[in-house]
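> would you be able to build a 3D model of this:
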Amino acid sequence: MILGLLKEHGDETRVALLPEIVQNLIEQKVEIFVEQSAGETAFAPDEAYREAGAKIVSRKEVFDKAEVLLQIQPPSEEDVNNIKDSQVWISAFNPLWETDLVKQFREKKITTFSLDSIPRSTRAQAMDILSSMATVAGYKAVLEAALELPTFFPMFMTAAGTIRPANVLILGAGVAGLQAIATARKLGAQVYVFDVRSAVKEEVQSLGGKFVEVEGATEDKAAGGYAVEQTEEYKKKQQEAIDAQAIKSNVIICTAQIPGRKAPLLVAKDTVEKMKEGSVIIDLAASTGGNCELTENNKTVTFQGKTIIGQSNYPAKTPLDASRMFGKNVFNFLKLIIGEGGTLNLNFDDDIVKGTCITHKGELYNERVKSVIENN
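Numbers count the residues shown, from 1 in each chain. Below is the predicted model of the structure:
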């Protein structure tokens, strides 16, 4: 088969495959077409792809000849119009949220795989782009907070007196939150962590964080490790606990999201008003509404001396290693759909292939996406 690697649009600086992974695919007898300058912003020049065995072509030629089209970001409207029903589109297009795009794919009978829908199972860990990119986001968010903060992160004992360490509150202890804990602790901050899932308490403590406990949370083992919607009574207790900790914090890192839903509002405007001047809020849930009431996606807001940064794509600020991690995840997934002699083999008997497939021949394949679309 011919796999076409597309250049990203907008502010995206990553690339779905670096030359090192292209070489691995060619060893699997897959022919690779790379759009000209696709890896330029990830420090992967066209010559490196040529040396790996790929063919450098125009975007039009990729769409004309490739059986499989690959990029990180969702397709533009123009791309959707150019995809043929005989082709396979692979990207991370957040199908639980971008339901209109899913409907377009279904109507055009395009076969699509969304890499952010890979089932969360032990076998699928090597393909889990969400965990890989969340690791980058959690790390980068803390570094940006440290740069923006008008005080130090660690405690300093100096001749001029003692500098107290920064208080950091992390909302959500998923992969991004755990990486944020580790990074903030390495920088010497005191770290407090809130999560509705009591099962993460031990992980938080093992990294040196202090778990902010609120009793009465609803947990669902079927949610694949994600947080779920909570009762109004719990939300009230949750808000009180977060408010009490937030007003003592210098930094808040927001990472809490619920798949297919607007991000839970955890930091109200009233809370921000009570925070110390110079405080910094980094909101990684900005693209789905944000955990902070004042968050604006891809913008930095200043409110009463506090800085609120809405940033949902920190991996694009670390393009080389983020591309390396993403590409390795993609390669591990692609191996499931590469048959003998490098042919395309869509084996829907494989639970990972079926779970990652969103649309095929005019049908919805992913059960969660199907449920969201049919119930709206």
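
> surely residue 185 and residue 179 touch.
No - with contact defined as C-beta atoms under 8 Å, residue 185 does not count as touching residue 179 (10.8 Å). In short, each C-beta sits where N, CA and C put it, glycine included.

> neighbour count winner among those two?
The neighbour comparison of residue 185 against residue 179 (other C-beta atoms under 10 Å) goes to residue 179, with 24 against 17.

> need the contact partners of stretch 67-82.
Residues outside stretch 67-82 that contact it (C-beta atoms under 8 Å, 6 or more residues apart in numbering): 1-10, 12, 14-17, 62-63, 83, 86-94, 98, 101, 104-105, 108, 326, 330, 344.

> how many residues are close by residue 325?
Neighbours of residue 325 using other C-beta under 10 Å come to 19.

> can I take it that it is in a helix?
Yes - assessed with DSSP: H, G, I helix; E, B strand; the rest coil, residue 325 lies in a helix.

> what residues are up against it?
Counted by C-beta under 8 Å, 6+ apart, residue 325 has contacts 132-133, 135-136.

> for it, give me the pLDDT.
Each residue has a pLDDT score; the one for residue 325 is 98.

> who are the contact partners of residue 28?
Residue 28 neighbours (C-beta under 8 Å, 6+ apart): 335, 338, 342.

> before we move on, the earlier item: so which of the contacts of residue 325 comes closest to residue 213?
Sorting these by distance to residue 213 puts residue 135 at the head of the list, at 25.3 Å, by C-beta to C-beta.

> now the host helix or strand of that closest one: buried residues?
Secondary structure assigned from DSSP states H and E places residue 135 in helix 129-148. For helix 129-148, the neighbour count (16 or more other C-beta atoms under 10 Å) marks 129-146, 148 as buried.

> helices or strands up against it?
helix 175-186, strand 251-254, strand 280-283, strand 306-310, helix 319-334 (3 or more C-beta pairs under 8 Å, 6 or more residues apart in numbering; DSSP states H and E).

> buried set for the last one?
Burial within helix 319-334, assessed by neighbour count using 16+ other C-beta under 10 Å, is assigned to 319-320, 322-334.

> same deal with stretch 83-101?
So stretch 83-101, judged by 16+ other C-beta under 10 Å, has buried residues 83, 87-98, 101.

> among those residues, which are in helices?
residue 101 (DSSP state H).

> where is pLDDT lowest across the buried residues of stretch 83-101?
Within the buried residues of stretch 83-101, lowest confidence goes to residue 97 (89).

> so how far is residue 114 from that residue?
From residue 97 across to residue 114, the span is 11 Å (C-beta to C-beta, to the nearest Å).

> again, but for residue 64
Taking C-beta to C-beta, one finds residue 64 at 24 Å from residue 114.

> coming back round to it: what's the angle from the helix holding residue 135 to strand 306-310?
If you take axes from the mean of the first three to the mean of the last three C-alpha atoms, to 10 degrees, helix 129-148 sits at 150 degrees to strand 306-310.

> who's in contact with helix 129-148?
92, 115-116, 118, 125, 153, 168, 174-184, 187, 251, 253, 255, 280, 282, 284, 307, 309, 311, 314-315, 317-318, 321-322, 325-326, 328-330.

> okay, residue 64 and residue 114: which has more neighbours?
More crowded of residue 64 and residue 114, by other C-beta under 10 Å: residue 114, with 26 against 13.

> contacting residues around residue 368?
96, 117, 259-260.

> now secondary structure and distance to residue 234 too, for those, in TSV please.
Putting the contacts of residue 368 into TSV (DSSP: H, G, I helix; E, B strand; the rest coil; distance: C-beta to C-beta, whole Å) gives the following:
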residue	secondary structure	distance to residue 234
96	coil	23
117	helix	28
259	coil	19
260	coil	20
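
> most neighbours of all those residues, which one?
residue 117 (24 neighbours).

> any idea how far that one is from residue 111?
Note on residue 117: its distance to residue 111, by C-beta to C-beta, is 14 Å.

> what of residue 17?
19 Å.

> comparing the two, which shows the higher neighbour count?
Using other C-beta under 10 Å as the criterion, residue 17 and residue 111 rank with residue 17 on top: 32 against 22.

> separation between that one and residue 2?
Distance from residue 17 to residue 2, by C-beta to C-beta: 14 Å.

> identify the contacts common to these two.
residue 32.

> could you say which helix or strand contains the closest residue to residue 210 other than its chain neighbours?
Nearest non-adjacent residue to residue 210, counting by C-beta to C-beta, 6 or more residues apart in numbering: residue 192, 5.0 Å away. Take DSSP H and E as the rule and residue 192 turns out to sit in strand 190-194.

> which residue is most remote from the mean position of this structure?
In terms of distance from the mean C-alpha position of the chain, residue 159 ranks first, at 43.8 Å (C-alpha atoms, centre = their mean).

> for it, what are its contacts?
With C-beta under 8 Å, 6+ apart, residue 159 has no contacts at all.

> could you pull out the helices in the stretch 1-150 of the chain for me?
19-27, 46-52, 59-65, 77-82, 99-107, 129-148 (DSSP state H, counting those that start in this stretch).

> now the shortest one: buried residues?
Across helix 77-82, burial judged by 16+ other C-beta under 10 Å covers 79, 82.

> where exactly do the helices run in the stretch 151-300 of the chain?
Counting by DSSP H, counting those that start in this stretch, the helices of the stretch 151-300 of the chain are 175-186, 201-206, 232-246, 269-274.

> tell me the helices and strands packed up against the first one.
Just to be clear, that refers to helix 175-186. Under the contact rule (3+ C-beta pairs under 8 Å, 6+ apart), helix 175-186 is packed against helix 129-148, strand 167-171, strand 190-194, helix 201-206, strand 251-254.

> tilt between the third one and helix 129-148?
The reference is to strand 190-194. 140 degrees.

> contacts for strand 190-194?
165-173, 177, 181, 184-185, 204, 207-212, 214, 238, 241-242, 245, 249, 266.

> can you do 6 Å?
165, 167-171, 173, 181, 184-185, 204, 209-212, 245 (C-beta atoms under 6 Å, 6 or more residues apart in numbering).
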